[in-house]
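A.B. asks: below are the sequence and a predicted model for it; my questions follow.
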Amino acid sequence: MRKRNRRAKLSTRLPAGVSAAFIRELQQALPTDGFKSQYLREELLSKYCDPTTVRAETRRTAAITKWLLSEARNAQTNQRLYLGDADFGWLTYEQLCSRVKTLIGRILGEVRYPEIFRESGVFHTNGASTRVKRSEVAAIHKLQGDVHLSNSAVKHWLAFASGTRLSKQDCILREENVLFTVPKKTDIDRVACKEPEINMLLQRCVGNHIRSRLRRVGINLNDQTRNQELARRAVREDLATIDLSSASDSITKQLVFDMLPFEWWSLLDDIRVKHTLIDPSFLKEDPEVSRILKTDPTEKLKSLDHSLTDTGERLHELEMFSSMGNGFTFELESLLFYAITRVVCWRSGVRGIISVYGDDIIAPTRIVPRLKRIFDYIGFQVNMSKSFWRGPFRESCGKHYHNGFEVTPFYIRREILSLMDLILHLNHVLEWDGRGWGFFTTDSLAVFHKKWSKYVPARLHGGIDPSDPGALVTGDSPRQRLVPVTKSTQHNRLSAELHWLMMKESTDQVISVDPQKEVGYETQPIISCGERSTWMPYLITE
């Protein structure tokens, strides 16, 4: 008899109907008293997406319509800022720009060219571009064939690639990015744009430089924990947590021109893409869109002009400076929001902590009215449902606190179709209810957890980390966990070696990359076998 292979791939598919039953019984098991429980009930399915909620086409159309509405507002903002004659009583717009520009100039320093590209350590990613589809080997494919870049970025690409084999790649001019959407919430997607790969590479180099310079003033965009810790202390230390709606889509061309030193604006303007292609099939009329957006967009969108390409696609000239998908958008918005908030604090004579992570802003509560007024004028909308400066609640970077106690909810974002989905959500239930204790404090959730744990094979019980979807935390001794089975894509190995060789004309050091593709799951022993988890789910109920 042939010995059974313990590393054989394991089927992780769950029976039909499990997802609906799990969600229904979880909602019934949740406690009904207390802020933490009520908050979870409100948030649990707020980001859930499947064909039975809102159709994918409707979510996509709503997202693109919202994006175009942002562009209509951006056009008005650009005109307003061009005049720049606002007087807020305690500060004029001209004074604001002058102070912000000086502060940003100190943070960024001089443009060290072309070292800003060569010293960044940045190279292609596996994300999609206008030419290459997203895949586990996309970074390698971007080194093959004719690369895409915009005309204004050519000189910077030559400076980057000069003296390397990268300069031997032929270029095709591409003056537009391509709009697409990704899932975000139950009723609406998120819009992003695929950029020409060379523009994206140059953008990421500059973004990496901005990121490193921000660390000198205490803003670490590689770590969200500072914002999360400040949100915990915010009520006690009189801090506000501020969130902006569609912030990255509201950074207008005129705002960046007004607030960045000229040499930095000139560089960023050269490597950004100034037009977006929109597939006309994305803009079908849908009566649900007005309900989702809570406004009728018909009249507001008439001000936007679109030219048509030979293929019938809409070509839109951007009013925003950079879209989601641009390699420096996140760093640029963080830089702007930090500098603006710092200047408002200084001008208001208020001392206090300021921290920024993208559009998550933490600042003294005393400046919120003034800061909100500034944001309104320069084109940003404070998200009133996610911004807090009164009362006991604060939220930043995915952590939620009520009077300093963590009440962060968990989300069910899609149907529970696999064993790993089930394990992850059962672990979430334990972590949420046992936060700070290590065991269930609600009998109904303990009973729920024990019942649904029977769907998970016993050998996967005994996980030690509630964030690990490979093993169920049960308090048992660790045994095995699910791990991905990957297949080597060896046919791309030579291309990966060329990736390194192209960087220099001659080198003795060769890095060999072996791209992997996930094809299934298998069980393997937990490395820390013998250790018991600090989580003991049924300590009270048994």
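C.D. replies: That came through, no problem.

A.B. asks: make it CA atoms for all contacts and neighbour counts henceforth
C.D. replies: Noted.

A.B. asks: list the contacts for the closest residue to Pro183 other than its chain neighbours?
C.D. replies: Sequence neighbours aside, Asp189 is the residue nearest to Pro183 in space, at 4.6 Å (criterion: CA to CA, 6 or more residues apart in numbering). Residues near Asp189 by CA atoms under 8 Å, 6 or more residues apart in numbering: 59-60, 62-63, 181-183.

A.B. asks: one more time with 10 Å, if that's ok
C.D. replies: 47, 49, 56-64, 66, 180-183 (CA atoms under 10 Å, 6 or more residues apart in numbering).

A.B. asks: and Arg134, how far from Gly127?
C.D. replies: 5 Å (CA to CA, to the nearest Å).

A.B. asks: typo on my end, Leu173
C.D. replies: Counting by CA to CA - Leu173 and Gly127 are separated by 20 Å.

A.B. asks: what is the neighbour count of Gln524?
C.D. replies: Close neighbours of Gln524, defined as other CA atoms under 10 Å, add up to 16.

A.B. asks: now swap in Met259 and tell me
C.D. replies: 23.

A.B. asks: again, but for Arg134
C.D. replies: 13.

A.B. asks: point out where the stretch 351-500 of the chain drops to low pLDDT.
C.D. replies: 488-500 (pLDDT under 70).

A.B. asks: hmm, 80 instead?
C.D. replies: Low-confidence segments of the stretch 351-500 of the chain, defined by pLDDT under 80: 486-500.

A.B. asks: ok so, going back, how far away is the residue nearest to Pro183 from Lys284?
C.D. replies: 15 Å.

A.B. asks: just the helices from the stretch 301-450 of the chain, written as ranges.
C.D. replies: 329-348, 368-378, 419-433, 443-453 (DSSP state H, counting those that start in this stretch).

A.B. asks: same question for the stretch 51-200 of the chain.
C.D. replies: Using DSSP H, counting those that start in this stretch, helices in the stretch 51-200 of the chain cover 56-83, 93-108, 115-118, 138-141, 154-161, 197-214.

A.B. asks: who touches the residue nearest to Ser334 when sequence neighbours are not counted in this structure?
C.D. replies: Nearest residue to Ser334 in three dimensions, chain neighbours excluded: Gly358, at 4.5 Å (CA to CA, 6+ apart). Gly358 is in contact with 221, 243-244, 247-248, 329-338, 397, counting by CA under 10 Å, 6+ apart.

A.B. asks: distance of Gly358 from Arg174?
C.D. replies: Using CA to CA, Gly358 is found at 28 Å from Arg174.

A.B. asks: what do you get for Asp189?
C.D. replies: In terms of CA to CA, Asp189 sits 26 Å off from Arg174.

A.B. asks: what's the answer for Ile140, then?
C.D. replies: As defined by CA to CA, Ile140 lies at a distance of 20 Å from Arg174.

A.B. asks: okay, the two: which has more neighbours?
C.D. replies: Ile140 (23 against 19).

A.B. asks: which pLDDT value belongs to that one?
C.D. replies: Looking at Ile140, its pLDDT reads 80.

A.B. asks: my guess is it contacts Ala128. True?
C.D. replies: No. In this structure, Ile140 is not within contact of Ala128 by CA atoms under 10 Å, at 12.0 Å.

A.B. asks: now distance to Val407 too, for the helices of the stretch 301-450 of the chain, in JSON lines please.
C.D. replies: Formatted as JSON lines, the helices of the stretch 301-450 of the chain follow (distance: least, CA to CA, whole Å):
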{"stretch": "helix 329-348", "distance to Val407": "26"}
{"stretch": "helix 368-378", "distance to Val407": "24"}
{"stretch": "helix 419-433", "distance to Val407": "8"}
{"stretch": "helix 443-453", "distance to Val407": "16"}
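
A.B. asks: would you list those in TSV and tack on mean neighbour count and distance to Pro466?
C.D. replies: Listed next are the helices of the stretch 301-450 of the chain as TSV, based on neighbours: other CA atoms under 10 Å; distance: least, CA to CA, whole Å:
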stretch	mean neighbour count	distance to Pro466
helix 329-348	21	30
helix 368-378	17	37
helix 419-433	22	5
helix 443-453	17	13
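
A.B. asks: quick one: closest of those to Leu40.
C.D. replies: helix 419-433 (9.3 Å; CA to CA).

A.B. asks: helices or strands up against the closest one?
C.D. replies: helix 18-29, helix 35-43, helix 443-453, strand 480-488 (3 or more CA pairs under 10 Å, 6 or more residues apart in numbering; DSSP states H and E).

A.B. asks: mind exporting it as CSV, just the C-alpha atoms?
C.D. replies: Written as CSV, here are the backbone C-alpha positions of helix 419-433 (Å, rounded to 0.1, in the frame of the first residue of the first chain):
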residue,chain,number,x,y,z
LEU,A,419,-11.8,27.1,4.9
MET,A,420,-9.3,30.0,5.4
ASP,A,421,-12.1,32.5,5.2
LEU,A,422,-13.9,30.6,8.0
ILE,A,423,-10.8,30.3,10.2
LEU,A,424,-10.0,34.0,9.8
HIS,A,425,-13.5,35.2,10.8
LEU,A,426,-13.7,32.8,13.7
ASN,A,427,-10.3,34.1,14.9
HIS,A,428,-11.7,37.6,14.4
VAL,A,429,-14.7,36.8,16.7
LEU,A,430,-12.4,35.6,19.4
GLU,A,431,-10.0,38.5,19.2
TRP,A,432,-12.9,41.0,19.2
ASP,A,433,-14.7,39.6,22.2
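
A.B. asks: apart from its neighbours in sequence, what residue is nearest Asn326?
C.D. replies: Met200 is the one closest to Asn326 (CA to CA, 6+ apart), at 6.2 Å.

A.B. asks: contacts only, for the one you found.
C.D. replies: 123-125, 129, 148-149, 194, 206, 271-273, 325-328.

A.B. asks: ok, these vs Pro31, which is closest?
C.D. replies: Top of the list for closeness to Pro31, among the contacts of Met200 and by CA to CA, is Gly325 at 40.7 Å.

A.B. asks: the closest one: how many residues sit nearby?
C.D. replies: Around Gly325 there are 22 residues (other CA under 10 Å).

A.B. asks: next one: Ala56
C.D. replies: Look at Ala56: counted by other CA under 10 Å, it has 18 neighbours.

A.B. asks: how much space between it and Pro297?
C.D. replies: 19 Å.

A.B. asks: spatially nearest residue to Gly105 (excluding sequence neighbours)?
C.D. replies: Nearest to Gly105 is Pro261, by CA to CA, 6+ apart, at 6.1 Å.

A.B. asks: test my guess that the one you found contacts Leu255.
C.D. replies: No. Pro261 sits out of contact with Leu255 when judged by CA under 10 Å, with a separation of 11.8 Å.
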